[in-house]
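1. The following block contains a protein sequence and its predicted model.
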Amino acid sequence: MLKDIFRLFIGNKKALVGLGILLFFTIVAIFAPLIAPYDPKTNKIEVTTIVDEDIGRTQTLERQQLDPDTERRLFKQSIVTTYERITTRLPLGAKPSSEHWLGTSRSGQDLFSQMVYGTRITLAVGLITGLFTTMLALTLALLAGYLGGIVDDIISLFTNVFLVIPSLPLMIVIAAYITVKGVIPIILILGLTSWPWPTRILRSQVISLKNRDFVRVARNLGERPVYIVFREILPNMISLVMASFFTSTMAAIMGEATLEFLGLGNVSVVSWGTILYWAQNSGALLSGAWWWFLPPGICIALIGTSFALMNFAIDEISNPKLRKR
C-alpha cells in the first residue's frame, strides 16, 4: 500500500513540483548560517584589519570571514603579526545593492539574511504544527469512528463546538491572552484550533471503513481492536491522512504569519511573519520599500503553493477517476 502510494506520488508532476519547492526551502533552512552573509538580529559587524609585515601588506576582512581557528593558526605561524578590530554598523534603510541583496531595515539589519534565517522558524512551525494537528485529529477520529457510542458522542460534541467558532478570531483571542511569547505557544495555539475539520473528515472515513467486509471478517475472526485499527483501517487511510497533513501544514504557515504580523507572537524571533510585522510598523508600504514586504509574501505564497500541489497530487492518487484523467 505505502509503496504504491509513494510510486504514484513520485510519478505525479504536481507532486514533483511541490516537493521541489519544499526541498529548496528545506535546504535554505538547514544551511542558513552558510547562506546568510550577516547576523539577522544585529546591525553591527566586526571588521578585522591584519598586517603581514613580511610583505608589508594590509588586508581588511569581515569578522565572519576570519574564524578564531584560522586566526590562531595565522598568528602561530607568524604569518600575521598585527591586527586591529573595528565594529561598524550596516547602513539604515538601504535599498537593494550588491552588498545587501534585499536592502536593510530601518534599524540596519540585512533583510536577505533575515529572509534566509526566517525560513527555519516558518518551516519548522508549519511542519511541527501540521504533524501535531494530524496526529491529534487522527487519534480522535479513530476513537470516535471505531468505538462509537458515548465516546463518539463526546468527541463529536467538542468537534462541533470548535467548528462553530471561527478559527482565526479564536487564535487571535488565545494568543492575545497568553503571556508567554515564543514559537512553542504559537504551535500549540495553531494546533489546538485547527484539529476539528481533519477530525470530522477522518472520522467519516473510519466509520466507512469499519463497515466494510474485510473489517467485519477480521472482527468475526476474533482479531483485537488494535490489530483491526492499525492493520485493516489505518493503511487504507494513508492518502487521506497525508492530505490532511499537507492542508494543516499550509494553514499553520499562514496562521503563524498572521499572528506574527499582528504582533501576537515573539517579534524578536526572525521569521517571515515578523519581517512583515516590522515592515508594517516601519511604514514600508507607505514609503514604497517593496524589497522589505514583498519577498516574505512571495515565499509564503510559494510554500503554500508547494503544499497545495502535493495535496492536489494526493487527491489524484486517491481518486482513480482523477488519476485516469
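-> Looks like it came in fine.
2. Correct me if wrong: Leu187 contacts Val125.
-> Check again: residue 187 is Ile, not Leu. Yes: under the criterion of C-beta atoms under 8 Å, Ile187 makes contact with Val125 at 5.9 Å. (Glycine included, C-beta is placed from N, CA and C.)
3. Contacts for stretch 88-104 next, please.
-> Residues from elsewhere that reach stretch 88-104 (C-beta atoms under 8 Å, 6 or more residues apart in numbering): 38, 43-47, 105-112, 115, 289, 291-292, 295.
4. Also stretch 218-237?
-> For stretch 218-237, contacts defined as C-beta under 8 Å, 6+ apart pick out 1-2, 142, 146, 202, 205-206, 209-210, 214-215.
5. Kindly report the same for stretch 189-208.
-> For stretch 189-208, contacts defined as C-beta under 8 Å, 6+ apart pick out 125, 129, 132-134, 136-138, 140-142, 144-146, 152, 155-156, 159, 162-163, 167, 170-171, 174-175, 178, 233, 237, 240-241, 244, 247-248, 251-252, 255-256, 259.
6. Under a three-state scheme, what state does Trp101 occupy?
-> Secondary structure for Trp101, judged by DSSP: H, G, I helix; E, B strand; the rest coil, is coil.
7. Of all residues in this structure, which one is nearest the centre?
-> Leu123 (1.9 Å; C-alpha atoms, centre = their mean).
8. separation between it and Pro40?
-> Here the criterion is C-beta to C-beta, to the nearest Å. By it, Leu123 lies 15 Å from Pro40.
9. could you point out which element follows the longest helix belonging to the chain?
-> Longest helix in the chain, counting residues (DSSP state H): helix 111-142. The helix or strand immediately downstream of helix 111-142 is helix 149-164, counting by DSSP states H and E.
10. Could you export that following helix as PDB, CA atoms only?
-> Output in PDB follows, covering the C-alpha atoms of helix 149-164 (Å, rounded to 0.1, in the frame of the first residue of the first chain):
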ATOM      1  CA  GLY A 149     -21.300   5.100  21.400                       C
ATOM      2  CA  ILE A 150     -20.600   7.600  24.200                       C
ATOM      3  CA  VAL A 151     -17.000   8.100  23.000                       C
ATOM      4  CA  ASP A 152     -18.200   9.200  19.600                       C
ATOM      5  CA  ASP A 153     -20.900  11.400  21.100                       C
ATOM      6  CA  ILE A 154     -18.400  13.300  23.300                       C
ATOM      7  CA  ILE A 155     -15.700  13.800  20.600                       C
ATOM      8  CA  SER A 156     -18.400  14.800  18.100                       C
ATOM      9  CA  LEU A 157     -19.800  17.300  20.600                       C
ATOM     10  CA  PHE A 158     -16.400  19.100  21.100                       C
ATOM     11  CA  THR A 159     -15.700  18.900  17.400                       C
ATOM     12  CA  ASN A 160     -19.000  20.600  16.500                       C
ATOM     13  CA  VAL A 161     -18.400  23.300  19.100                       C
ATOM     14  CA  PHE A 162     -15.000  24.100  17.700                       C
ATOM     15  CA  LEU A 163     -16.300  24.000  14.200                       C
ATOM     16  CA  VAL A 164     -18.900  26.700  15.000                       C
END
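11. quick check, distance from that helix to the centre of its chain.
-> 29 Å (C-alpha atoms, centre = their mean, to the nearest Å).
12. now the angle from that helix to helix 111-142?
-> Orientation of helix 149-164 against helix 111-142 (axes from the mean of the first three to the mean of the last three C-alpha atoms, to 10 degrees) gives an angle of 150 degrees.
13. what's in contact with the helix or strand following helix 149-164?
-> Using DSSP H and E, the helix or strand that follows helix 149-164 towards the C-terminus is helix 167-177. Residues from elsewhere that reach helix 167-177 (C-beta under 8 Å, 6+ apart): 185-186, 189-190, 192-194, 255, 258-259, 262, 264-265.
14. Scan these and report the most crowded one.
-> Leu190 (30 neighbours; other C-beta atoms under 10 Å).
15. From Thr129, how far off is that one?
-> Distance from Leu190 to Thr129, by C-beta to C-beta: 5 Å.
16. Kindly report the same for Arg216.
-> When Arg216 is compared with Thr129 (using C-beta to C-beta), they lie 37 Å apart.
17. Those two: which is more packed in?
-> Thr129 (25 against 12).
18. follow-up on the earlier one: out of Ile187 and Val125, which sits in the busier spot?
-> Val125 (27 against 20).
19. Now do the contacts for the residue nearest to the more buried one when sequence neighbours are not counted.
-> Nearest residue to Val125, sequence neighbours excluded (C-beta to C-beta, 6 or more residues apart in numbering): Glu256, at 4.6 Å. Glu256 makes contact with 122, 125-126, 129, 186, 190, 265, 271, 273 under the criterion C-beta under 8 Å, 6+ apart.
20. can those go into a markdown table with extra columns for distance to Asn220 and pLDDT?
-> Formatted as a markdown table, the contacts of Glu256 follow (distance: C-beta to C-beta, whole Å; pLDDT from 0 to 100):
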| residue | distance to Asn220 | pLDDT |
| --- | --- | --- |
| Thr122 | 50 | 92 |
| Val125 | 46 | 92 |
| Gly126 | 43 | 92 |
| Thr129 | 40 | 93 |
| Ile186 | 48 | 88 |
| Leu190 | 42 | 89 |
| Gly265 | 53 | 81 |
| Ser271 | 53 | 90 |
| Gly273 | 53 | 90 |
